[in-house]
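A.B. asks: Structure here, sequence nowhere to be found:
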Ligand code: FES
Ligand SMILES: [Fe+2]
């Protein structure tokens, strides 16, 4: 890439196309960590991952290693996973319980769950030398941490918009839509998650979630096989097949159907694709769910909640959420060409068990590493990354479809068709703003 483009990373993004360096260049990636992942809010985990005092989960914000934990007073904290003594990782497991305190495995300094120093072996060696209440000797907390409806985020920047301001209506909708479907207004995480390392840039994954052109092509064989199985099931049993088959068969919807969906671009790159699946059949499970919500909210509100039809909400740059099926995928960039995704799903508190079975079916059939759907997508991601890494063959990625036809009102961009590249343009507009800051 020419040097002047490193000095002006915004020039890599034009209104209808972006330079391949956005995906393939390690220096651009490092700048993304600095300007995007260390400046915005990043999803850490759900409060229900740490139900008891001493519970912890480790995770990443960019390259930083972080801990989500719960203290004896019930507070949930986000800490850097680093010992202030000699710098060792305090938690070397993915998750666990530290019964009373974190104990560094190297020299046994102990820390409370809020990061404060609890004890040091052989303290006399420090007497008159250092003050053990010095904040420098505590595990460092994330610069900021905030929670929205049980979903915990951290920002490694002291400054910036509050979490709610940053999420805005567009991204809050992801969590509201999950929680509102519970008669208790809350969800809880199902531990553990699947993890996939994708050999591709983190943006390729996010862009694909709102790429309504690809399903009928990429997932054609999977969708056809599922539709065949639906027919066989019906012929053999006379019953309606389980919804899991439909989740897969839907991938073969005709182009016209995909084109009729709305996409909405919100500030900070958060972007939404409307739903296409019929999730309210007249079966006993759906009816029981409706009744449980009606008992709490009345029929009108129940209907509003369950009529909300959203397929994906991208919380840019860190999440892809599918609220009606309680799915959440967290994006952890590792390198320009390597991305870890965590695939979580949630249980709606107080909802019938059959609603959870649907979530689990979608989790296994569509989002898990073993499904053909995911395999199809991963193959495309890798092919894109490999192509974008080539020296020759062209420098630009096209986002031209329906360019110039993105109506904007009060900072919200809508698409004229579901297949528009408006979502990609919206995300890259945010990218450009972050990277030019
Ligand atoms: S490095 Fe943690 S106690 Fe020494
Ligand atoms: Fe796909």
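C.D. replies: Everything's here; your move. These figures come from a predicted structure and were not determined experimentally. Ligands and ions are numbered 1, 2, ... in the order given.

A.B. asks: For stretch 102-109, buried residues please.
C.D. replies: Of the residues in stretch 102-109, 102-104, 109 count as buried by neighbour count, 16 or more other Cβ atoms under 10 Å. Every residue, glycine included, has its C-beta placed from N, CA and C.

A.B. asks: Give me the distance from the helix or strand containing residue 235 to the chain's centre.
C.D. replies: Applying DSSP states H and E as the criterion places residue 235 in helix 220-237. Mean C-alpha position of helix 220-237 versus that of the full chain (Cα atoms, centre = their mean, to the nearest Å) differs by 31 Å.

A.B. asks: which residues are contacting the helix or strand following it?
C.D. replies: Elements were assigned by DSSP H and E; along the chain past helix 220-237, the next helix or strand is helix 243-249. Identification of contacts with helix 243-249 by Cβ atoms under 8 Å, 6 or more residues apart in numbering yields 219, 222-223, 225-227, 229-230, 233, 277-278, 281, 358, 361-362, 364-366, 373.

A.B. asks: repeat that with 6 Å
C.D. replies: Here helix 243-249 makes contact (Cβ atoms under 6 Å, 6 or more residues apart in numbering) with 222-223, 226-227, 229-230, 358, 361-362, 365-366.

A.B. asks: for stretch 317-324, same thing?
C.D. replies: Residues outside stretch 317-324 that contact it (Cβ under 6 Å, 6+ apart): 36, 42-43, 174, 177-178, 209, 279, 310, 312-314, 328-331.

A.B. asks: pLDDT of that stretch, averaged?
C.D. replies: Averaging pLDDT along stretch 317-324 yields 97.

A.B. asks: again with stretch 223-231
C.D. replies: Here stretch 223-231 scores 94 as its mean pLDDT.

A.B. asks: got the buried residues for it?
C.D. replies: Along stretch 223-231, these residues count as buried under the neighbour rule (16+ other Cβ under 10 Å): 223, 226-227, 230.

A.B. asks: Pretty sure residue 376 sits in a helix.
C.D. replies: Yes: when the secondary structure is assigned by DSSP: H, G, I helix; E, B strand; the rest coil, residue 376 falls within a helix.

A.B. asks: Could you find the closest non-adjacent residue to it?
C.D. replies: residue 218 (4.8 Å; Cβ to Cβ, 6 or more residues apart in numbering).

A.B. asks: From residue 43, how far off is the residue of the stretch 151-300 of the chain found nearest ligand 1?
C.D. replies: Distances from the stretch 151-300 of the chain to ligand 1, computed as Cβ to the nearest ligand atom, single out residue 156 as the nearest residue at 21.6 Å. Applying Cβ to Cβ, to the nearest Å, the value for residue 156 to residue 43 is 13 Å.

A.B. asks: same deal with residue 411?
C.D. replies: Relative to residue 43, residue 411 is positioned 23 Å away (criterion: Cβ to Cβ).

A.B. asks: Assign residue 18 to helix, strand or coil.
C.D. replies: Following three-state DSSP, the label given to residue 18 is strand.

A.B. asks: Residue 220: how many residues sit nearby?
C.D. replies: Neighbour count for residue 220, taken as other Cβ atoms under 10 Å: 14.

A.B. asks: Strands of the stretch 101-250 of the chain, start to end?
C.D. replies: With strands called from DSSP state E, counting those that start in this stretch, the stretch 101-250 of the chain shows them at 102-103, 110-111, 117-119, 144-148, 151-155, 187-189, 194-198.

A.B. asks: How about residue 360, nearest residue that isn't a chain neighbour?
C.D. replies: Setting aside the residues directly before and after it, residue 360 is nearest to residue 345 in space (Cβ to Cβ, 6+ apart), at 6.9 Å.

A.B. asks: Now do the same contact list for the one you found.
C.D. replies: Contact analysis of residue 345 by Cβ under 6 Å, 6+ apart lists 190, 326-327, 359, 363.

A.B. asks: And the furthest pair within those residues?
C.D. replies: Distance extremes for those: the farthest pair is 190 and 327 at 10.6 Å, using Cβ to Cβ.

A.B. asks: Among the contacts of stretch 317-324, which ones are in strands?
C.D. replies: Judged by DSSP state E, the contacts of stretch 317-324 include 42-43, 310, 312-314, 328-331 as members of strands.

A.B. asks: Show the backbone phi and psi for the residue lying closest to residue 326 once chain neighbours are set aside.
C.D. replies: For residue 326, the nearest residue in space outside its immediate sequence neighbours is residue 346; the separation is 4.1 Å by Cβ to Cβ, 6+ apart. Its backbone dihedrals place residue 346 at phi -130, psi 150, with angles given as degrees, to the nearest 10.

A.B. asks: got it, and the one 4 residues further on?
C.D. replies: As for residue 350, its main-chain torsions (degrees, to the nearest 10) stand at phi 80, psi 0.

A.B. asks: and it, how many residues sit next to it?
C.D. replies: Applying other Cβ under 10 Å, we find 15 residues neighbouring residue 350.
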